[in-house]
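K.L.:
Following is a predicted model, sequence given first.
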Amino acid sequence: MLLFVYLIFCSGLIVSQCRLTTEDGCNLPAKGNSKFPSNFSFGVATAAYQIEGGWNADGKGLSLWDDFTHNYPHMIDDKTTGDVAADSYHRFDQDLAALKELKVTHYRFSISWSRIFPNGDISSRNQYGIDYYNNVIDKLEANDIQPIVTMVHFDLPYEIQKIGGFANPLFINQFVTYAIELFNNYGDRVKTWITFNEPLLYCKSGYGEANYPPQIHGAGLIDYICVDNTLKAHAAAYRVYKSKFFNTQGGKIGISLDSQFSISNDTALTHRAMQYNLGFLAHPLFSKSGGYPEVMVEEIRRNSLKEGRITSRLPDLDGKWKHIIKGSADFLAINYYTSRYISRAEKPIGENPSFERDYDLDESIDPKWKRGLSRWLYCVPEGLESILKFIRDEYDNVEVIVTENGWSDKGDLEDIERIQYLKSHLQAVLNAINDGCNVRGYMYWSLIDNFEWQRGYTVKFGLYSVNMTSPTKERTARNSVGYYRKVIETHLLS
Ligand code: BGC
């Protein structure tokens, strides 16, 4: 009888009846062992442009985001910039104090390429920029905190962007030269590298829909080239590391992919949607066969021919690159914030090409899901558990680190919702581990309040509040700090 009721309710007609969340919309029941493994990594994450400030300090060159915020202020909700932000460039010691108070084992931060090579090229090498990160890494080491270093978190050097950025195949060698500089300077102490942060997001928004820098209108075409060059640059850097640095440095390299779980009663539909989202970059790297997901290859080719093109808009990963990319990551880093229900859209042929047109699915939310201050952010912890299981099954249980997960609000110090979000998502990770998923770490986004891209300073993700109007930018712990520290100390969720 129960099964009968479930089938009727979940047939797609009365969808809300088969949704999974509990009443308060941000909870997840525990399954199995209540303790995290003793070697589990707990940390926090930040990114250079969002916290550092010092936009032209000590020889730093212009980045893409410097140009965007300076020249297109109307594109930022409060017309602010990252020129000063939390001023971590001058105040890293305040961040260090917060990291120590939290007792994290790991800190994920990113390096600003335009501090190292102000015009993007090795000829402009800037020792002051190199020293800044040497100091950060030394201080982390002195305090027993492992660095997880992202090489590019959205903020490309402006000069690299001027010649096409990710859309230019030259980018591959430019990136490898930069990566070698980082391995040479920091590889003795940095053992976990992330090449790129959220390629699908920066490609779709920056090279497709044109609402992020570099504002290129190339939906369904240039955004795909951006993904292609990202994968090639990542793989080329990985291969150099393995052949020239690994023996002496012994580190590992991954890539941070944005992910959401595509929920539906139709498992085939969910599987197809996951190939378009996570699989677009994960399949070429982690699947047994390599290359783009077969479903994308077939469908985008078919759509392209119908549009009158002579080849597919999705680049062809030929044998050579397919081989170089396949297996070129030691772990999969995922950034998980939220999920969506999906259903077939069947958009008419003839519409302008785009990822959305190829994806051809409508997305919706459950009204019961609790929403953060960011419009797109709903608390769906079961989505994280499902993604981790998807990765386990699809990519041979590759090692996973959750490199971002966080909640936005107006910034009160009593942040009950952040604690609920943190707890339910850590529960999702623990449930997945108990179910055999190879998850090794979790980094909360973010350590401190920061410049939230087009939202400026209007939403807060920090465990620590930052007094943005004060010249000394004091950091103050929110209640979530005490909660997270206790989890880190005990390895238990309370
Ligand atoms: C990005 C972060 C950003 C966060 C919250 C992620 O997409 O990597 O830089 O602040 O989401 O929007």
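P.N.:
Yep, it's here. Residues are numbered from 1 along each chain as shown.
K.L.:
which stretches of the stretch 201-350 of the chain form strands?
P.N.:
Secondary structure of the stretch 201-350 of the chain (DSSP state E, counting those that start in this stretch): strands at 252-259, 262-263, 331-336, 340-344.
K.L.:
likewise the stretch 351-494 of the chain?
P.N.:
For the stretch 351-494 of the chain, the strands defined by DSSP E, counting those that start in this stretch occupy 361-364, 400-404, 439-445, 464-466, 475-477.
K.L.:
Would you mind listing what in the protein touches the ligand?
P.N.:
Residues of the chain lying close to the ligand (CB under 6 Å from any ligand atom) are 47, 50, 197-198, 201, 258, 335, 404, 445, 452, 461. Backbone N, C-alpha and C define where each C-beta goes, glycine included.
K.L.:
give me that answer again for 8 Å
P.N.:
Taking CB under 8 Å from any ligand atom as the contact definition, the chain meets the ligand at 47, 50, 153-154, 197-198, 201, 256, 258, 335, 337, 374, 377, 404, 406, 408, 445-446, 450, 452-453, 455, 461.
K.L.:
Let me know the helix or strand that residue 175 is in.
P.N.:
In the assignment (DSSP states H and E), residue 175 maps to helix 171-186.
K.L.:
before we move on, what about residue 65?
P.N.:
Per DSSP H and E, residue 65 falls inside helix 64-71.
K.L.:
what element comes up after the helix-or-strand element of the chain with minimal mean pLDDT heading to the C-terminus?
P.N.:
Scoring the helices and strands of the chain by mean pLDDT, DSSP states H and E places helix 2-9 at the bottom, with a mean of 33. Per DSSP H and E, the first helix or strand lying C-terminal to helix 2-9 is strand 41-45.
K.L.:
What pairs with that following strand, parallel or antiparallel?
P.N.:
strand 106-110 (parallel), strand 439-445 (parallel) (DSSP bridges).
K.L.:
mean confidence score for it?
P.N.:
For strand 41-45, mean pLDDT is 99.
K.L.:
Likewise for stretch 299-308?
P.N.:
In this model, stretch 299-308 has a mean pLDDT of 95.
K.L.:
got the contact list for that stretch?
P.N.:
Residues outside stretch 299-308 that contact it (CB atoms under 8 Å, 6 or more residues apart in numbering) are 224, 311-314, 349-350, 353, 357-358, 360.
K.L.:
Which residues are in contact with the residue nearest to residue 102 when sequence neighbours are not counted?
P.N.:
Using CB to CB, 6 or more residues apart in numbering and skipping residues adjacent in sequence, the residue nearest residue 102 is residue 485, 5.3 Å away. Residue 485 makes contacts with 101-103, as judged by CB under 8 Å, 6+ apart.
K.L.:
now residue 432
P.N.:
384-385, 388-389, 392, 439.
K.L.:
burial count for residue 28?
P.N.:
The number of residues packed near residue 28 is 22, by other CB atoms under 10 Å.
K.L.:
Does it touch residue 422 like I think?
P.N.:
No: using CB atoms under 8 Å, residue 28 is not in contact with residue 422, being 11.6 Å away.
K.L.:
Throw the strands of the stretch 201-350 of the chain into a markdown table and include mean neighbour count, thanks.
P.N.:
Below are the strands of the stretch 201-350 of the chain laid out as a markdown table (neighbours: other CB atoms under 10 Å):
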| stretch | mean neighbour count |
| --- | --- |
| strand 252-259 | 24 |
| strand 262-263 | 25 |
| strand 331-336 | 24 |
| strand 340-344 | 19 |
